[in-house]
Each structure stands twice: as structure tokens, then as C-alpha cells.
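[1] Sequence first, then the predicted structure:
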Amino acid sequence: PRRYQRSSAKNKWSDEQLKAALADASSKKLSARAAAAKYGIPSSTLHDHLVGKTQKRYGGAPTTLSYTEEKEVVRACETLQQYGFPMTTEIVGKIVHEYLESTHQHHRLCDGGPGYDWWKGFLRRWPCLTQRKPEHMPKNRAQACRPEVKISLLECFK
């Protein structure tokens, strides 16, 4: 997936320097401007931290599905793999797209479902999934998956 690499250096100061500057400025040992100069922190950054304008942020946009929803998709993928179906971007994309359409959730995905970047991020978040080629299904197992056989099995359990 596309990953942005910052070309300029950001935050040339450490968290310890910021904490020390905040301690000096809040205890009135130094003015905010003097503490910023002493510890090599921009005065606007120190001021923002003093007045509470900053918050811990995590990079990137939020995921389309919540953790529990993604866990259900993972469970569906694992079930499909157990039955010998391949886990491809198209199949998982259809599962996700149909789920989002059925729950009427607002999403940023294209009409065809999730794209390449979503897929790579999904695989990174769920390393238990692996992309594999489909395996050859034995003839007896393929015959057991026919609709007629499934219906007769269901009638036996009724």
C-alpha cells in the first residue's frame, strides 16, 4: 500500500524535553518562551500543550469497519478457506461491500468494494489470514457440497 514518508524532520525534541519544558513553564520557573528556547521546542507547540490544545493522535483515517465487524469478516474468510474456497480480494471485497450495503453504513469505499490499499491494511491488521491459491477438492467432498445432498442431509435432521 501507499505509505507516506515525511521528507522533513518533525519533532526534533523528545518527550522528556517536552515534559521538562512543560514542568518549568507551568511551575513558573521559566516563561513559556524561555522554556521553549531552552529545550529546543517551538514556542507555539509548548503553548498549545500548556493550554490543552493538543491530543494524542494516531495516523491515518479510521477503518471502514469496526474491530468486531472486521472480526466477523475474518471468521467468514476462515470458514471459506476451510471449505476450500480461495481468499481473494474480489471475494472478501464482495463480502465487505454487501455487509456495508445491508447495514446502510456510510463508507468511503468505491462502488465495487474495497480497493488495494484497504486490502493490504486489512491483511496487516489480521496477520492470521493468508492469501492462498485454491486447493483441489476431492471428488467425494465436491459431491457432498451439491445442493441436493445438502437438502437431503437437512431433511434427515428434522
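    That came through, no problem.
[2] what sits against the residue minimising distance to the centre of the chain?
    The residue lying closest to the centre of the chain (C-alpha atoms, centre = their mean) is T63, at 5.0 Å. Going by C-beta atoms under 8 Å, 6 or more residues apart in numbering, T63 touches 70, 121, 125. (Glycine included, C-beta is placed from N, CA and C.)
[3] now, which of those residues lie within helices?
    70, 121, 125 (DSSP state H).
[4] just the helices in this protein please.
    Assigned by DSSP H, the chain shows helices spanning 15-26, 32-39, 43-51, 67-82, 89-102, 116-125, 139-144, 147-157.
[5] Pretty sure K12 sits against G40.
    Yes: taking contacts as C-beta atoms under 8 Å, K12 lies within contact range of G40: 6.8 Å.
[6] nearest to S7, of the helices of the chain?
    S7 lies closest to helix 43-51 among the helices of the chain, at 20.0 Å (C-beta to C-beta).
[7] how about the closest one: buried residues?
    Using 16 or more other C-beta atoms under 10 Å as the test for burial, helix 43-51 gives 43, 45-46, 49.
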